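Participant: Take this sequence and fold it.
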Amino acid sequence: MHLQPPGSWASRSMNWRSCADNRASPPRRQRGSSVSRSTAYGHTDSLATVPPGLVGSIQPHGLLLVLREPQLRIVQASVSAAHWLNRPLPTLLLASLFDLGGDAAARLGAMLGGLRAGQPQALRCTLGAPGPGGAFEGCVHRVTTDTVVLELEPAETAAQAPGNDAPHAALLAQLSAAVQRFSAAPSVAALAVAAAQAVRRLLGHDRVFVTEFGPDGRGCVIAEDRALRLPPWLGQNRLLDEAWPDPSARSRQVYLHKRVRVLVDAKASPSELLPALPPGSDGGHDLTMGDLRSTSAAHAERLREHGVAASVVAALVREGQLWGLITCHHPEPRRAGQALRAALELLAEVFMTRVVALENYARAQVRAEVRRLEQRLLEATSVEGDWRAALFRNQAALLLPLEASAALLWHEGELLRCGDAPSGPALQRLAQWLQAQPDSPLPWQHPALDLRDEEAVPDRLAPAVPPARLGVLAVRLSRTQPDALVWLRPVQADTGHCLPWTRSDLSLAQAYGTALVDMILQVNAVRLLIAEHQLSQLRTAVAGSQEAAVVTDAAQRSFYPNAAFLALSGRRRDEVGSLEALAALFTQPAMAHRAIGQVRAEHRPWHGELELRRPDGRCVPVAVRAEPVQGSDTPLLGCIFTFEDVSQAHEANTLRHRLEAALTRTTRAAQPTEGHELVGAIIANASLAAMDIADGDNGLAAAPLLAEVEARTARATALLQQIRDIAPPP
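Facilitator: Below you'll find the predicted structure:
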């Protein structure tokens with residue numbers, strides 16, 4: 001018997017109204033119904049609104065009957081049922097399963113009491129005319145309280161794959177060997193290889209590959225077993241499922257309920273269900289748990305484009321989430337019987353049991369590895385003051401756990417590397433790729449990043465220059481700086497991709513990144529405490545300085561007038577919060593602005609004298625020194641303004657000039673009599689004292705000293721006159 005029934009099975013010309021026992025009016029199809037009759041697969045643009053289990057057709061290698069209890073009356077049937085039961089479709093609709101012959105009705109009747117929604121049960125039975133052609137295997141599942149769906153496939157066509165006709169004991173022995181190999185797998189990668197090989201031996205498909213979904217939802221082929229003529233897919237995003245390259249959310253929901261899905265022939269025309277909406281249903285029945293539900297037209301087309309005619313997909317589920325898939329492809333139509341499907345689902349369950357154990361062990365290893373890393377970094381920081389050297393001192397400890405060929409660290413503008421790391425333009429290309437990645441707590445990865453400098457290669461030579469590709473795994477170390485820790489792997493010559501970054505690799509990389517971020521935080525926290533302590537000491541020193549000063553950074557975020565300046569200006573701290581406010585304190589604000597502009601814009605110092613206006617209206621002359629402070633990596637760190645009260649110096653200068661004028665008058669008034677030389681000596685002594693005082697100290701002590709010199713000189717001249725007056729006449 002052929003797998004594909006005649007094309008007449010899918011004939012759309014059959015009208016269910018011709019049914020002989022028609023006792024119900026045909027339900028009118030609602031506008032916008034999710035079941036399309038234009039094609040059994042449905043339109044891809046309408047699938048977004050269609051529940052994933054609601055389909056209007058099945059695969060034609062089997063038959064589907066929707067039965068209404070208690071008479072088990074057929075209210076909907078696939079067009080293919082007419083072929084497999086050798087009975088016109090009009091005579092099937094609204095007939096009872098008991099009318100068709102065989103033991104199907106009796107076997108199903110015994111199972112009805114135990115049927116539960118979402119829990120299909122296997123069934124082997126005969127249906128239709130007696131003989132070998134009427135033997136079927138399949139399943140039955142409940143869709144409503146009074147409706148069940150019966151799906152059957154001819155039992156004789158089950159022997160299409162090696163092992164289908166094998167004795168029951170041989171199948172169990174094959175499963176036992178596979179489970180033992182799963183249990184001995186030391187890693188998820190080795191387990192995936194064992195699974196691909198075991199499933200291919202079990203089903204006989206040309207290619208079997210295991211796909212793992214990463215934390216970002218993207219899938220990657222982590223193991224495969226294939227015919228030698230097929231190209232490798234290891235390390236690639238190859239799923240060929242409902243949405244390329246990854247299954248859509250709708251499709252994933254189906255996998256969570258129906259763990260094994262079979263497509264026998266991607267080229268076969270699907271068999272429609274008639275009527276499109278069975279009597280008594282609002283919008284069709286959910287066939288999520290069905291074995292025969294057809295796939296989308298887009299999926300079938302993609303399979304055909306890749307030379308795939310038959311596929312089997314087993315879901316790998318962990319904690320209610322889709323962990324991955326085991327996918328089987330074959331270039332010719334191929335059907336796996338019910339026993340093989342159950343065996344595949346069994347292997348998938350055992351596979352995930354081992355995955356849980358391996359991943360838990362891997363997490364424990366990650367924790368231990370991270371603790372060792374943290375210990376090394378802490379010791380290096382306490383002894384050497386730098387954790388980065390310790391990270392790269394033991395290259396094997398950094399590279400081997402991730403099977404990397406090189407590692408790089410970007411931190412605080414510096415680059416450290418080990419292993420076979422790229423350099424020059426390739427390194428710049430890698431840095432550009434890192435900076436272009438989105439902000440995410442998850443590691444970044446690329447299976448084969450092209451590090452070739454395309455700008456440096458002329459267009460005419462580009463085809464001849466091979467790409468420099470490397471697999472990349474990176475973790476971000478800072479949200480404000482382009483700091484990252486990167487691992488590199490070489491690509492495989494046969495696939496053009498590196499070995500897949502597994503879930504364990506991603507976990508270890510993320511744990512390393514978390515440890516380094518914590519280490520960086522601790523180091524920076526210590527630096528901050530030291531800096532804060534030093535800043536506090538410096539603030540105290542500046543605040544306690546007797547010299548009036550104003551200190552500001554380039555952006556004026558830190559603007560600090562010390563207590564001496566506040567006392568000199570007579571202002572409160574909140575009145576002097578910016579350079580604009582500082583310039584407004586002077587009687588010549590325009591000159592003050594020019595001085596500030598010269599320091600900030602031209603980075604040149606300014607020295608001069610300005611008048612400071614106090615709140616009481618008194619003006620204080622001050623000598624101003626404005627100095628720019630430049631850094632090694634920035635043109636201007638800030639400015640320092642110092643102010644000296646020169647009012648006493650001005651007063652001293654006035655007193656000096658007054659003293660000199662008084663001495664000059666005394667000299668001119670002196671008579672050319674006896675003692676004239678003594679007067680000259682007194683005046684000369686006073687002039688010399690005034691010069692020394694004025695030149696030696698222009699501060700607070702000059703004015704009273706000059707006043708004292710003036711008073712003493714006047715006293716000395718008065719005493720000289722007294723001596724003259726009491727002297728006896730000659």
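Participant: Tell me where the stretch 1-150 of the chain has helices.
Facilitator: Remark: helices assigned in the stretch 1-150 of the chain by DSSP state H, counting those that start in this stretch are 80-84, 89-92, 104-111.
Participant: Return the most buried member of those.
Facilitator: Across the helices of the stretch 1-150 of the chain, the average number of neighbours (mean count of other CB atoms under 10 Å) peaks for helix 80-84, which reaches a mean of 24. In this view, the C-beta of every residue, glycine as well, is placed from N, C-alpha and C.
Participant: average model confidence for it?
Facilitator: Averaging pLDDT along helix 80-84 gives 92.
Participant: that older thread, how about the helices of the stretch 1-150 of the chain in CSV, adding distance to V550?
Facilitator: Formatted as CSV, these follow (distance: least, CB to CB, whole Å):
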stretch, distance to V550
helix 80-84, 92
helix 89-92, 98
helix 104-111, 93
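Participant: and of these, who's closest to E627?
Facilitator: Nearest to E627, of all the helices of the stretch 1-150 of the chain, is helix 80-84, at 93.8 Å by CB to CB.
Participant: and the longest helix seen in the chain, how far out from the chain's middle?
Facilitator: If you go by DSSP state H, the chain has its longest helix at helix 338-384. Chain-centre distance of helix 338-384: 21 Å, with CA atoms, centre = their mean, to the nearest Å.
Participant: among the helices of the stretch 1-150 of the chain, which is nearest H603?
Facilitator: Ranking these by distance to H603, with CB to CB as the measure, places helix 80-84 first at 87.6 Å.
Participant: Give the other helices and strands that the closest one contacts.
Facilitator: Helix 80-84 sits against strand 63-68, helix 89-92, with contacts defined as 3 or more CB pairs under 8 Å, 6 or more residues apart in numbering; DSSP states H and E.
Participant: Those: which one's closest to R229?
Facilitator: Nearest to R229, of the helices and strands packed on helix 80-84 and by CB to CB, is strand 63-68 at 35.6 Å.
Participant: If you compare the directions of that closest one and helix 104-111, what angle comes out?
Facilitator: Put simply, strand 63-68 runs at 50 degrees to helix 104-111, going by axes from the mean of the first three to the mean of the last three CA atoms, to 10 degrees.
Participant: Quickly list the domain ranges of the chain.
Facilitator: Following automatic domain parsing, one gets these domains for the chain: 7-25+35-158, 168-271+293-361, 386-457+465-525, 545-643, 649-726.
Participant: So for stretch 360-375, mean pLDDT?
Facilitator: On average, stretch 360-375 scores 80.
Participant: Show me the contact partners of that stretch.
Facilitator: Contacts to stretch 360-375, defined as CB atoms under 8 Å, 6 or more residues apart in numbering, come from residues 187-188, 391, 397, 401, 504, 507-508, 511-512, 514-515, 518-519.
Participant: Torsion angles phi and psi at H257?
Facilitator: Per-residue torsions, H257: phi -100, psi -40 (degrees, to the nearest 10).
Participant: what's the neighbour count on it?
Facilitator: Per other CB atoms under 10 Å, the neighbour tally for H257 reads 14.
Participant: quick one: the helices in the stretch 601-730 of the chain?
Facilitator: Going by DSSP H, counting those that start in this stretch, the stretch 601-730 of the chain shows helices at 647-669, 676-696, 702-726.
Participant: low pLDDT regions in the stretch 51-200 of the chain?
Facilitator: Along the stretch 51-200 of the chain, segments meeting pLDDT under 70 span 51-55, 129-133, 156-167.
Participant: now with 80?
Facilitator: By pLDDT under 80, the low-scoring segments of the stretch 51-200 of the chain are 51-55, 129-133, 156-168.
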